[in-house]
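Undergrad: Give me a model of this one.
(2 chains)
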Number of protein chains: 2
Amino acid sequence: MDIAALFGQIQQKASFLCVGLDTDLSKIPSHLRHEKDPVFAFNQQIIDATHDLCIAYKPNLAFYEALGPKGMESLQQTLSYLPKTLFTIADAKRGDIGNTATLYARAYFEQMSFDAITVAPYMGRDSVTPFLAFPNKWVILLALTSNTGSDDFQQCLVAGDNPEPLFQKVIRTSQAWAGPDQMMYVVGATQAEKLQEIRQLIPDHFLLVPGVGAQGGSLQAVAHYGMNAKCGLLVNASRSILYAGNGRDFAKEARKAALQMQQEMQILLDRYL
Amino acid sequence: MDIAALFGQIQQKASFLCVGLDTDLSKIPSHLRHEKDPVFAFNQQIIDATHDLCIAYKPNLAFYEALGPKGMESLQQTLSYLPKTLFTIADAKRGDIGNTATLYARAYFEQMSFDAITVAPYMGRDSVTPFLAFPNKWVILLALTSNTGSDDFQQCLVAGDNPEPLFQKVIRTSQAWAGPDQMMYVVGATQAEKLQEIRQLIPDHFLLVPGVGAQGGSLQAVAHYGMNAKCGLLVNASRSILYAGNGRDFAKEARKAALQMQQEMQILLDRYL
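TA: Model (predicted):
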């Protein structure tokens, strides 16, 4: 999916919501555990209940890998089930040397046809560029994450003529690898005030913003500091939608939670676009 | 496996070789492609031919993920087949927020019972410590990798009272998270001259050293700069062993390549221990 199609979806749905499919067997409603594939059964109902309110889905691969080969089957089933108009993100946070990165790219872009994959920058250019060889596919590079550990290295000041925090160095350096048509960055909602400096570096890029909801980030602050002329934001919510309810009506509760976010997003799009 | 058992294996076998099971369907001998599980069939013969010459096996997960659910089954089969006296490393380079890291830990330490997992440091403390909650399991943290992209960020100078490259900052900071009984570091063989400074920071830790062989690193230089009183090195070779031959006698050729490395290692152990 290209950037024009993505913005088109945002306008059409008045939403920039990404639903994180972090499906945890221990948290899904008990009546689904008798299904042949409980994870897919859960995802299917979540997708049915939310696909008109969001523009992207982001399965975190850990939740599927934790279930072994069966989990990978649930993931493939889920991906096949997703309407093609939605943007799909493999939240994998991979990062490895060139020949290995190419294998990851084939796995997630070709075999599973995700639109995008999250990638960790620590290993540098040749761990990222193999993903960029796939046309119309996206790298979403970790920049400033939503967790407390983002203090440890991401915010370290890198020496130079213009000293800057490591996450800014990552953003600045990686811009030579691809433009806003193929690269996005992860910036946690818990770091909303940093979005202002980030927008000075990358006014046009899309940002994938986790950390609203369970992790405590504010949607208003994210939009205030981070929105650009083409929205430029995909705000992710996982637990607050998936586990809004835990009875037979869980999908209805998930829809309520997603609808509330979409309505807040509509107001913000009207205000800033 | 604890550090004493690991050193015991090294002494007993006079080897610090780790065989990287980066099994690539497109590179395995053609006669194996008719097998029900060609990847496992290949790994099985490689293990039979090399297990007395090496002390560890390290499957790179990308090679298995690229094959979908079947690949994960091949990985599980391979792990079950490995003799329990060998140290097993999931080369996953994972790194994610706490609840996700715990899921990865369960997947690789409990469901698949690997001894160790490689982890990327970019997301900081709470992306690493969940792996350390598992007794007798190891985190192998990326420090200075063997690829050219290691220049981009790992070698950036981090400002402070004592400016140091990022990889040193990673090593220094992460020592507060676990000691040499549960943490190792990845240092590429192509960076052998840096091993001297690294040994000043962490004299007692084991280092996992990729990059000898296909990537051009020197085993002699790695031992010269990196070996400590308990060896402290696991040197990985993948392609140079796995694909030493590509006919029906591939396992015999793999053994020859592994034996040559083990014999060089024996000389180096005699010299430096």
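Undergrad: doesn't A:Leu144 make contact with A:Lys194?
TA: Yes. With contact defined as Cβ atoms under 8 Å, A:Lys194 and A:Leu144 form a contacting pair (5.9 Å). (Each C-beta comes from the backbone N, C-alpha and C, glycine too.)
Undergrad: So which of those two has more stuff around it?
TA: The neighbour comparison of A:Lys194 against A:Leu144 (other Cβ atoms under 10 Å in any protein chain shown) goes to A:Leu144, with 24 against 20.
Undergrad: what about that one, distance to chain B?
TA: The spacing between A:Leu144 and chain B, counted by Cβ to the nearest Cβ, to the nearest Å, is 10 Å.
Undergrad: How about the contacts made by that residue?
TA: Taking Cβ atoms under 8 Å, 6 or more residues apart in numbering or on different chains, we find A:Leu144 in contact with A:Ser150, A:Gln154, A:Gln155, A:Phe167, A:Val186, A:Val187, A:Gly188, A:Gln191, A:Lys194, A:Ile198.
Undergrad: So which of those residues is surrounded by the most neighbours?
TA: Result: A:Val187 is most packed of the contacts of A:Leu144 (other Cβ under 10 Å), 31 neighbours.
Undergrad: quick one, what contacts it?
TA: Contacts of A:Val187 by Cβ under 8 Å, 6+ apart are A:Ala143, A:Leu144, A:Lys194, A:Leu195, A:Ile198, A:Leu207, A:Leu208, A:Val209, A:Gly226.
Undergrad: ok, it to A:Thr145 distance?
TA: 8 Å (Cβ to Cβ, to the nearest Å).
Undergrad: try A:Asn236
TA: 12 Å.
Undergrad: and for these two, which residues touch both?
TA: Here A:Asn236 and A:Thr145 share the contacting residues A:Pro210, scored by Cβ under 8 Å, 6+ apart.
Undergrad: Not counting sequence-adjacent ones, nearest residue to A:Tyr272?
TA: In space, and not counting its chain neighbours, A:Tyr272 is closest to A:Met227: 4.4 Å by Cβ to Cβ, 6 or more residues apart in numbering or on different chains.
Undergrad: The one you found reaches A:Val235, doesn't it?
TA: No. Assessed by Cβ under 8 Å, A:Met227 is found out of contact with A:Val235, at 10.2 Å.
Undergrad: More neighbours: which of those two?
TA: A:Val235 (28 against 20).
Undergrad: in which helix or strand would I find the more buried one?
TA: Here A:Val235 sits within strand A:233-237, counting by DSSP states H and E.
Undergrad: and that strand, anywhere near chain B?
TA: No. Shown here: strand A:233-237 not in contact with chain B (Cβ under 8 Å from any Cβ of the partner chain), separated by at least 12.0 Å.
Undergrad: partners of that strand in the sheet?
TA: Its sheet considered, strand A:233-237 pairs with strand A:17-20 (parallel), strand A:207-209 (parallel) by DSSP bridges.
Undergrad: Now tabulate the ones you listed in JSON lines and tack on mean pLDDT, distance to A:Lys84 and mean neighbour count.
TA: Formatted as JSON lines, the strands paired with strand A:233-237 follow (pLDDT from 0 to 100; distance: least, Cβ to Cβ, whole Å; neighbours: other Cβ atoms under 10 Å in any protein chain shown):
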{"stretch": "strand A:17-20", "mean pLDDT": "98", "distance to A:Lys84": "16", "mean neighbour count": "26"}
{"stretch": "strand A:207-209", "mean pLDDT": "98", "distance to A:Lys84": "20", "mean neighbour count": "26"}
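Undergrad: For A:Met72, which non-adjacent residue is spatially closest?
TA: Nearest non-adjacent residue to A:Met72, counting by Cβ to Cβ, 6+ apart: B:Pro69, 4.2 Å away.
Undergrad: need the strands for the stretch 101-250 of chain A, in chain order.
TA: Ranges of strands in the stretch 101-250 of chain A, per DSSP state E, counting those that start in this stretch, are A:116-119, A:138-144, A:157-158, A:164-165, A:183-187, A:207-209, A:233-237.
Undergrad: Turn those strands into TSV, including distance to B:Asp270.
TA: Formatted as TSV, these follow (distance: least, Cβ to Cβ, whole Å):
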stretch	distance to B:Asp270
strand A:116-119	43
strand A:138-144	44
strand A:157-158	43
strand A:164-165	48
strand A:183-187	49
strand A:207-209	53
strand A:233-237	55
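Undergrad: mind checking which of these is nearest A:Arg94?
TA: Nearest to A:Arg94 among those is strand A:116-119; the distance by Cβ to Cβ comes to 5.9 Å.
Undergrad: Close to chain B: what parts of the stretch 101-250 of chain A are there?
TA: Within the stretch 101-250 of chain A, the positions near chain B by Cβ under 8 Å from any Cβ are A:101, A:103-104, A:106-107, A:111-112, A:120-128, A:142, A:145-154, A:156-160, A:163, A:166, A:169-170, A:173.
Undergrad: Of the residues you listed, which qualify as buried by neighbour count?
TA: A:101, A:103-104, A:106-107, A:112, A:120-128, A:142, A:145-147, A:149-150, A:152-154, A:156-159, A:166, A:169-170 (16 or more other Cβ atoms under 10 Å in any protein chain shown).
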